[in-house]
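> Need a 3D model of the sequence below.
(2 chains)
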Amino acid sequence: MSDEQIIQQDENQIIAERRAKLANIRANGVAFPNDFKREHLSADLHAKYGEVEKEELEGQAVSVAVAGRMMLKRVMGKASFATVQDGAGRIQFYITRDNVGEEVYASFKTWDMGDIIAAKGTLMKTKTGELSVQVSELRLLTKSLRPLPEKFHGLTDQEQKYRQRYLDLITNDTSRDTFVKRSRIVQKIREFMVNERYLEVETPMMHPIPGGASAKPFITHHNALDMQLFLRIAPELYLKRLVVGGMERVFEINRNFRNEGMSTRHNPEFTMMEFYEAYADYERMIDLTEGVIRFAAKEVIGHTVIDYQGKQVDLSKPFARFTIAAAIQHYNPQYTDEQLHDRAFLKAEIARLGGKPVLTDGIGGLQLSLFEETTEEKLWEPTFIIDYPAEVSPLARASDTRPGITERFELFIVGREHANGYSELNDPEDQAERFQAQVALKDKGDDEAMHYDADYVRALEFGLPPTGGCGIGIDRLVMLLTDAPSIRDVILFPQMRRED
RNA sequence: GGGUCGGUAGCUCAGUGGUAGAGCAGCGGACUUUUAAUCCGUUGGCCGUGGGUUCGACCCCCACCCGACCCA
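As a prediction, the model looks like this:
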């Protein structure tokens, strides 16, 4: 369908009438003026004058200049009220023919919901005590050609909320509030990290070798270099190169791209914070992770015991810790210690539960699969799962005392993974071997296995100090803190199928 | 990929084999303190798309498209 056809199809009587009004405005001067100087925001006025008594307020004769989108309009003969929404809230205009003049008043009556209007006037209070602008000058700044969603119910259609986010933002306070909170959460996370003397950095989004995670990448192509590039699946290997380079505390908050299925928990592009600290281990990363989440909750939500989808989550007390096997047994007491160390039993049990076929054969990997099938979703309260098997942790440092185990953790809250961190593997020879093992897995058909990154190994050969690192899923954290059921509710423009 | 539910006026929703409805928005009128203002009048539909069944389909059947949720 061509654009022209879409436009044609979209036209209706309401739009046609508004276009006619716009044509009339054009014929009479500047249709889209940009010379009005807005001086006040609704929220500031409510904060400053909302509690002032009617007589006192009107005695002060406070002059204001405000502007916004007309959301409600109540015309009563020679006097009208309009509710105007600006970036911070709403305020009511009181418009009378006697104050604005017959001509402007007649024009106002033709203006529509959704139009961007501006007023100068003085503050007043109505007889019910609502702070309002008694308008002396009234202007139309932007004619809106399309009707807004119904004023009471707003926009409810999920698809339209996602595809036309601007409409969702205009009409739904909760949606606006979610994205304001998202911004504040990210800001507070930055503040926390900077206070920990971390430097914020940006590393490439386009990678010649995708690395740092087990995931399928998006593939793109650079014309001038005639080179295949991958949208990054994680910044990890670049950030650790920076630690090699002497940037001892770095973090990056940015997008990752994974070419996988979409769900209420997965969007193809999503935001992670990764951070790396020299001379730190995974215990320090656990502390930072717990600290930054608690800080963001306290600063943005105001408290650390929050509601998520009708159930409480307590972020205030120290997060629980379990090894994988201990967590399985704690939440599924039917499994015996013996069973959890029996390869044949684990394989059969995973298959019975409908889990993915396991390509690796180690006890640790099998336990992890069983954990994913039986336990993950039950971890409602914040819980660190620790001691991941080396075979599924190709970038993590192995335990000095327990063979096959790495110093790694993942954080689960409300049954979802929120963070993943470890003491970094800084032995270049061990790293080279683990990459080779990944390549072998890839050859066996695991298309999420990692590539061999020779430059990364070379960097390690110059010496990566002992380092701790961690990644925190920002979208999921925002979901948690804003009580959003779907990742699409916290991403302004979530990925959607093409409309045609 | 599988299952469930949904797609009807610009928006929010009814309708169930027999002339497509309501509220809001729009248009015309009344109204100088309204609060989703109110009152009177009124315009507006390829009922997601394409096939079928039927004298007749928004409704029944099949396929497809789009979305939400659940499962893999």
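> Tell me who's in contact with whichever residue of the stretch 1-150 of chain A sits closest to RNA strand B.
When distances are taken as CB to the nearest atom of the strand, the stretch 1-150 of chain A reaches nearest to RNA strand B at residue A:77, 2.1 Å away. Any C-beta I mention is one placed from the backbone N, CA and C, and that applies to glycine too. For residue A:77, no residue counts as a contact, taking CB atoms under 8 Å, 6 or more residues apart in numbering as the criterion.
> Below-threshold pLDDT in the stretch 1-150 of chain A: ranges please.
Scanning the stretch 1-150 of chain A with the threshold set as pLDDT under 70 gives A:1-11.
> The stretch 301-450 of chain A too?
A:357-360.
> Need the nearest residue in space to the residue of it found nearest RNA strand B, chain neighbours excluded.
Residue nearest to RNA strand B within the stretch 301-450 of chain A: residue A:354 (3.9 Å; CB to the nearest atom of the strand). Once its chain neighbours are removed from consideration, residue A:354 has its nearest residue in residue A:373; the separation is 7.5 Å (CB to CB, 6 or more residues apart in numbering).
> neighbours of that neighbour, just the number please.
19 (other CB atoms under 10 Å).
> ditto for residue A:212
Using other CB under 10 Å, residue A:212 is surrounded by 25 other residues.
> At the contact with RNA strand B, which residues of the stretch 351-500 of chain A appear?
Counting by CB under 7 Å from any atom of the strand, the stretch 351-500 of chain A comes close to RNA strand B at A:354, A:355, A:485, A:486, A:488, A:496, A:497, A:498.
> if we go to 6 Å?
Residues of the stretch 351-500 of chain A lying near RNA strand B by CB under 6 Å from any atom of the strand: A:354, A:486, A:488, A:496, A:497.
> Wait, the second one touches residue A:262, no?
Okay, so that is residue A:486. No - at 10.4 Å, residue A:486 and residue A:262 do not qualify as touching, with contact defined as CB atoms under 8 Å.
> Using the three-state scheme, assign the residue in the stretch 351-500 of chain A positioned nearest to RNA strand B.
When CB to the nearest atom of the strand is the measure, the stretch 351-500 of chain A has its nearest residue to RNA strand B at residue A:497, with 2.8 Å between them. Following DSSP: H, G, I helix; E, B strand; the rest coil, residue A:497 is assigned to coil.
> Any idea how many residues pack against residue A:342?
If you count neighbours by other CB under 10 Å, residue A:342 ends up with 15.
> ignore the last one, residue A:487
By other CB under 10 Å, the residues close to residue A:487 number 21.
> And it, how close does it get to residue A:263?
Separation of residue A:487 from residue A:263 (CB to CB, to the nearest Å): 8 Å.
> can you check residue A:209 too?
When CB to CB is applied, the distance between residue A:209 and residue A:263 equals 28 Å.
> Which residue of those two possesses the greater neighbour count?
It is residue A:209, of residue A:209 and residue A:263, that has more neighbours when counted by other CB under 10 Å, with 16 against 10.
> Quick check, the more buried one in contact with residue A:228.
No - Residue A:209 sits out of contact with residue A:228 when judged by CB under 8 Å, with a separation of 10.0 Å.
> Next, the buried residues of the host helix or strand of residue A:229.
Counting by DSSP states H and E, the secondary-structure element that holds residue A:229 is strand A:227-231. Of the residues in strand A:227-231, those scored as buried under the neighbour-count criterion (16 or more other CB atoms under 10 Å) are A:229, A:230, A:231.
> Closest one of these to RNA strand B?
In terms of CB to the nearest atom of the strand, no member of the buried residues of strand A:227-231 lies closer to RNA strand B than residue A:231, at 20.7 Å.
> partners of the closest one in the sheet?
Beta-bridge pairing of residue A:231, defined through DSSP bridges, involves residue A:206.
> Give me the residues contacting the host helix or strand of residue A:71.
Secondary structure assignment for residue A:71, by DSSP H and E: strand A:63-76. Outside strand A:63-76, the residues within contact range by CB under 8 Å, 6+ apart are A:36-42, A:45, A:80-87, A:90-91, A:109, A:111-123, A:133, A:141, A:144, A:148, A:151, A:170.
> So which bits of it are buried?
Taking 16+ other CB under 10 Å as the basis for neighbour counts, the residues of strand A:63-76 that come out buried are A:64, A:66, A:67, A:68, A:69, A:70, A:71, A:73.
> Identify the residues contacting the closest residue to residue A:249 other than its chain neighbours.
Nearest non-adjacent residue to residue A:249, counting by CB to CB, 6+ apart: residue A:198, 4.3 Å away. Shown in contact with residue A:198 (CB under 8 Å, 6+ apart): A:249, A:250, A:251, A:275, A:277.
> so for stretch A:184-191, what's the average pLDDT?
Here the mean pLDDT over stretch A:184-191 is 98, rounded to a whole number.
> The strand or helix carrying residue A:122 pairs with which strands, and in what direction?
Using DSSP H and E, the secondary-structure element containing residue A:122 is strand A:116-125. Within its sheet, and counting by DSSP bridges, strand A:116-125 is paired with strand A:63-76 (antiparallel), strand A:131-142 (antiparallel).
> close to RNA strand B, is the helix or strand that the shortest one is followed by?
Note on strand A:131-142: by DSSP H and E, the next helix or strand toward the C-terminus is helix A:158-163. Yes - counting by CB under 6 Å from any atom of the strand, RNA strand B is contacted by helix A:158-163 at A:158, A:159, A:162.
> thinking residue A:314 is in contact with residue A:308, fair?
No - shown here, residue A:314 and residue A:308 do not form a contact pair, counting by CB under 8 Å, at 10.9 Å.
> So between these two, which is more surrounded?
The neighbour count for residue A:314 versus residue A:308, taken as other CB under 10 Å, is higher for residue A:308 (18 against 12).
> Could you dump the residues of helix A:158-163 next to RNA strand B into CSV with pLDDT and neighbour count added?
Listed next are the residues of helix A:158-163 next to RNA strand B as CSV, based on pLDDT from 0 to 100; neighbours: other CB atoms under 10 Å:
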residue, pLDDT, neighbour count
A:158, 85, 12
A:159, 84, 10
A:162, 89, 18
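> With distance to residue A:25 added, can I get those residues in JSON lines?
Conversion of the residues of helix A:158-163 next to RNA strand B to JSON lines gives the following (distance: CB to CB, whole Å):
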{"residue": "A:158", "distance to residue A:25": "35"}
{"residue": "A:159", "distance to residue A:25": "33"}
{"residue": "A:162", "distance to residue A:25": "33"}
